[in-house]
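Participant: give me coordinates for this.
(one chain, ligands or ions: 1)
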Amino acid sequence: MTIEYATRHRHASGIPPEPGKPYFLEKGEGDRAHLFGDLFTIYAGGEQTENTFNFFTCEGPRGDIIPAHVHPDTYEVFYVTAGAVRLFVEDTEGDQQEKLLTPGDFGFVPKNCPHAYRMERHHSQVVGVAAGPAGTFERFFENLGAPTEQRGLPHDPVVPPAERLDEVGHRYDVRFLPDHRWDTR
Ligand SMILES: O=C(Oc1cc(O)cc(O)c1C(=O)O)c1ccc(O)c(O)c1
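Facilitator: From the prediction side, this is the model:
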């Protein structure tokens, strides 16, 4: 997995550029990126944790299911703090499940398990941690989507060109599954 260090657009995030320093972030700070209709905010990433874990939020409007994908080497958590988010996941034996998560609910997606989600209410928010032997992958969001200094959702969805999905995904342990079908729907 590619490891990238602080860049120019992150100067306003409040995260100190040098690792090993304690810090606090106020609501709305953090490194932000827009991808599809969602706002991703990274509060701590591999740069701060020697690539052992990250901590981020994903906020979005009610919308479409995101593309199904799998992480060969990354474990993810989905802890919903606002709204309602339907998580779709398939285990390594091919059994599919979906669950509507509301505030306080939690979903765990191990490596190698195809998954996707759909925000089912406006102003939904998920707290995420994603890490594994390959490191952390939080810079995927700004590389596939667009870094932003805005604190809100994108005015228009940021839809990457199809060819970027595989290219950026491979750098961040994300494999998109264009032919995947959810039979639970
Ligand atoms: O968002 C999460 O993931 C993604 C969103 C996308 O639009 C494309 C993706 O490939 C991913 C991904 O996981 O790779 C996400 C959101 C919330 C959360 O708790 C996570 O662990 C991941």
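Participant: the residue of the chain found nearest the ligand pairs with what?
Facilitator: Taking CB to the nearest ligand atom as the measure, the point where the chain comes nearest the ligand is residue 128, at 2.5 Å. All C-beta atoms are positioned from the backbone trio N, CA, C, and that covers glycine. The bridge-partner assignment for residue 128, based on DSSP bridges, gives residue 56, residue 78.
Participant: ok, now residue 135?
Facilitator: residue 132.
Participant: that one is in contact with residue 49, isn't it?
Facilitator: No: the pair residue 135 / residue 49 is not scored as a contact, 9.6 Å apart, by CB atoms under 8 Å.
Participant: more neighbours, these two?
Facilitator: Ranked by neighbour count (other CB atoms under 10 Å), residue 135 and residue 49 place residue 135 first, with 23 against 15.
Participant: just to revisit the earlier point, wait, the residue of the chain closest to the ligand touches residue 58, no?
Facilitator: Yes: contact criterion CB under 8 Å: residue 128 and residue 58 qualify, at 6.1 Å.
Participant: more crowded one of the two?
Facilitator: A side-by-side neighbour count of residue 128 and residue 58, using other CB under 10 Å, places residue 58 first with 20 against 16.
Participant: what about the longest helix in the protein?
Facilitator: helix 162-171 (DSSP state H).
Participant: what's in contact with that one?
Facilitator: 1, 2, 67, 69, 140, 143, 144, 160, 174, 175, 176 (CB atoms under 8 Å, 6 or more residues apart in numbering).
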